[in-house]
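In: structural data only, the sequence is not supplied:
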């Protein structure tokens, strides 16, 4: 952003549908439909819970889901993995969906860089028996994609030099990292 490379908004949903209420069954797995074509900066990961057969037509339906989210114990355990370069696991073992999303909203305030050709795979299990099935969980990844090749051509040294010109101190990696 400092370099002035234009960016476009990015939003993608990863739906997870539990058709069985069996706790700790094999995980339901889904990922981005395609690998990312551009470097992507994820600023927010949100989630939505819905059980169409729980309190249908009742004003208590939205209250139920709101309370479920606020409790921090959604009954859904998730594990996320990033594929591409670098490949890594975000959390192992499964972490409650509400707790994992709190990490993204509070402890990761500067965003999450996903290089182009990356993909995020989400595996989910039920840790508590839901009121009804199907139990639909939607994770929404929101952020930005850079739409100019100038970012790909920018070297680490040039990026650090530009940041220093703006008064942002960055360490000189040639001093910090041993060379062979």
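Out: Nice, thanks for sending it over. Note that the structure is predicted; figures quoted are calculated from it, not measured.
In: how distant is stretch 40-56 from the center of its chain?
Out: Computed by Cα atoms, centre = their mean, to the nearest Å, the separation of stretch 40-56 from the middle of its chain amounts to 12 Å.
In: may I see the buried residues of that stretch?
Out: In terms of neighbour count (16 or more other Cβ atoms under 10 Å), stretch 40-56 has its buried residues at 40-43, 45, 47, 49, 51, 54-55. Every C-beta, even on glycine, is put in place using the N, C-alpha and C of the backbone.
In: farthest-apart pair in these, please.
Out: 41 and 55 (38.0 Å; Cβ to Cβ).
In: the residue lying closest to residue 130 once chain neighbours are set aside in helix, strand or coil?
Out: Once flanking residues are discounted, residue 130 sits nearest to residue 21: 5.6 Å by Cβ to Cβ, 6 or more residues apart in numbering. Counting by DSSP: H, G, I helix; E, B strand; the rest coil, the backbone at residue 21 sits in coil.
In: who touches residue 21 in this structure?
Out: 126, 129-130, 132-133, 135 (Cβ atoms under 8 Å, 6 or more residues apart in numbering).
In: which stretches in this structure count as helices?
Out: 60-71, 97-102, 150-153, 156-165, 173-176 (DSSP state H).
In: farthest pair in the contacts of residue 21?
Out: Largest separation among those by Cβ to Cβ: 126 and 132, giving 12.2 Å.
In: looking at these two now, which is surrounded by more residues?
Out: residue 126 (22 against 13; other Cβ atoms under 10 Å).
In: okay, and for this structure, where does confidence drop off?
Out: The model of the chain has pLDDT under 70 over residues 1-3, 107-109, 179-180.
In: contact partners for the residue nearest to the spatial centre of it?
Out: In the chain, the residue lying closest to the centroid (Cα atoms, centre = their mean) is residue 45, at 4.8 Å. Contacts for residue 45 (Cβ under 8 Å, 6+ apart) come out as 101, 104-105, 112, 139-142.
In: go with 7 Å
Out: For residue 45, the contact set (Cβ atoms under 7 Å, 6 or more residues apart in numbering) comprises 101, 104, 139, 141.
In: repeat for residue 63
Out: Counting by Cβ under 7 Å, 6+ apart, residue 63 touches no other residue.
In: and it, how far from residue 55?
Out: Here the criterion is Cβ to Cβ, to the nearest Å. By it, residue 63 lies 9 Å from residue 55.
In: got it, and residue 33?
Out: As defined by Cβ to Cβ, residue 33 lies at a distance of 31 Å from residue 55.
In: picking that back up, ok, which of the helices of the chain comes nearest residue 25?
Out: helix 97-102 (16.0 Å).
In: for the closest one, name the packing helices and strands.
Out: Counting contacts by 3 or more Cβ pairs under 7 Å, 6 or more residues apart in numbering; DSSP states H and E, helix 97-102 is packed against strand 40-50, strand 76-83.
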